[in-house]
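[1] Give me the fold of what follows.
(one chain, ligands or ions: 1)
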Amino acid sequence: MPTASGRLQYGPQKYAALHLLLCRWLRLYGTPTAEYCYVTLGGTELKDIESLRFVDPKLTSIVWSYEIDPARYKLAQQRAIQLEASGLKITLQCATIFSHQRTCDLPHIFFIDLPGICAFSDYDQQFADLFQNEIIREGDCLIITSHIVPRPGLDRVREHFGGEFAVLGVDDSDTNLVKSVFRRAHPTMTLFKALSLNGIQSELAVRCFGAVKYRDGAPMGLYGYSVTSGSTELSRFVTDAEIRYFDIATGQLCATDDF
Ligand SMILES: C[S@@+](CC[C@H](N)C(=O)[O-])C[C@H]1O[C@@H](n2cnc3c(N)ncnc32)[C@H](O)[C@@H]1O
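    The predicted structure is shown next:
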């Protein structure tokens, strides 16, 4: 949420969601002794970077932070200078995160902390380019923030994800089902579209390991993905037994249909 000073402030629920997904990824896929490169969206406070640093400075051996808004970028620069005094070096870019280039061999943790919905615009093409150019590759972790309410309306959802619903056997005349699949899987289906655009779904295994819903002004979701060798098949991607659903409001795991 923007304050009068232009600084963005997010409530603790967002970071609780991030910490849960990070814990789960580190437990399932992380290597305790490994160093990581962290690639994130800036905002103005760079709060998520501090969380990773707290868990282990090796998670922030190299940090890239992207902020597309020039005014927020300036505020983020001030924050980065303060953090640098505590030994945390951040490379800030006033650019889109989708322009990130791989400059080291360390595994990457991407936090695509989007302010909108991870669907409908050209996100599939943007992620397709990241996969195609091996900016996101085996060994990486990808965490995506997205609004879980299909604000453009269910007809737009049906139109956009018609192909995915057909493969998944989703009856798109069932409004509750369409809403439910959208809530729990729209970033997953966006990533599948991205993989399919260049036929990479047969070369890379992207798996969802969890989704956490929370409120921060609006109902939001955080979705975690691992990237390993193998292949990605849509039905498994969306219904994988590895996916756990958690509701920050109740502090409990929730059933798939209740997400
Ligand atoms: C939710 S905030 C990031 C908050 C930050 N992760 C934190 O915890 O402090 C998202 C920011 O990303 C910026 N943004 C949105 N899309 C972007 C893009 N494609 N590339 C870079 N910045 C983007 C927005 O201007 C906004 O300031």
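
[2] When you work out contacts or count neighbours from here on, use the C-alpha atoms and nothing else.
    Will do.

[3] In stretch 140-154, which residues are buried?
    140-150, 154 (16 or more other CA atoms under 10 Å).

[4] Quick one: the residues you listed as JSON lines, columns for pLDDT, distance to Ile97 and secondary structure too.
    Below are the buried residues of stretch 140-154 laid out as JSON lines (pLDDT from 0 to 100; distance: CA to CA, whole Å; DSSP: H, G, I helix; E, B strand; the rest coil):
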{"residue": "Asp140", "pLDDT": "98", "distance to Ile97": "16", "secondary structure": "coil"}
{"residue": "Cys141", "pLDDT": "98", "distance to Ile97": "15", "secondary structure": "strand"}
{"residue": "Leu142", "pLDDT": "98", "distance to Ile97": "13", "secondary structure": "strand"}
{"residue": "Ile143", "pLDDT": "98", "distance to Ile97": "13", "secondary structure": "strand"}
{"residue": "Ile144", "pLDDT": "98", "distance to Ile97": "12", "secondary structure": "strand"}
{"residue": "Thr145", "pLDDT": "98", "distance to Ile97": "14", "secondary structure": "strand"}
{"residue": "Ser146", "pLDDT": "98", "distance to Ile97": "16", "secondary structure": "strand"}
{"residue": "His147", "pLDDT": "97", "distance to Ile97": "19", "secondary structure": "strand"}
{"residue": "Ile148", "pLDDT": "96", "distance to Ile97": "22", "secondary structure": "coil"}
{"residue": "Val149", "pLDDT": "94", "distance to Ile97": "24", "secondary structure": "coil"}
{"residue": "Pro150", "pLDDT": "91", "distance to Ile97": "24", "secondary structure": "coil"}
{"residue": "Leu154", "pLDDT": "96", "distance to Ile97": "29", "secondary structure": "helix"}
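
[5] Nearest to Leu20, out of those: which one, please.
    Of all these, Ile143 has the smallest distance to Leu20: 11.2 Å, by CA to CA.

[6] which residues sit in contact with the closest one?
    Listed by CA atoms under 8 Å, 6 or more residues apart in numbering, the contact set of Ile143 reads 21, 109-113, 222-225.

[7] Distance check, it against the ligand.
    For Ile143, the distance to the ligand equals 11 Å [CA to the nearest ligand atom, to the nearest Å].

[8] try Leu191
    15 Å.

[9] In terms of distance to the ligand, which of the contacts of Ile143 ranks first?
    The ligand has its nearest neighbour among these in Asp113, at 5.0 Å by CA to the nearest ligand atom.

[10] What residue, apart from its backbone neighbours, is nearest that closest one spatially?
    In space, Asp113 comes closest to Thr145 once its chain neighbours are excluded; the distance is 4.8 Å by CA to CA, 6 or more residues apart in numbering.

[11] and the one you found, bridged to which residues?
    For Thr145, the beta-bridge partners under DSSP bridges are Asp113, Leu222.

[12] which residues does it contact?
    111-115, 118, 220-223.

[13] quick one: average pLDDT of the strand or helix carrying Gly224?
    For Gly224, the element it lies in under DSSP states H and E is strand 218-229. Summarised as a single mean, pLDDT over strand 218-229 is 97.

[14] Quick check: buried residues in it?
    So for strand 218-229, counting by 16+ other CA under 10 Å, buried means 220-228.

[15] re earlier: any chance of the contacts of Thr145 in TSV with distance to the ligand as columns?
    TSV is the format used below for the contacts of Thr145 (distance: CA to the nearest ligand atom, whole Å):
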residue	distance to the ligand
Phe111	7
Ile112	8
Asp113	5
Leu114	5
Pro115	5
Cys118	10
Met220	11
Gly221	12
Leu222	11
Tyr223	14
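
[16] quick one: which two of those residues are the most distant?
    Top of the distance list for these (CA to CA): Phe111 and Met220, 14.7 Å.
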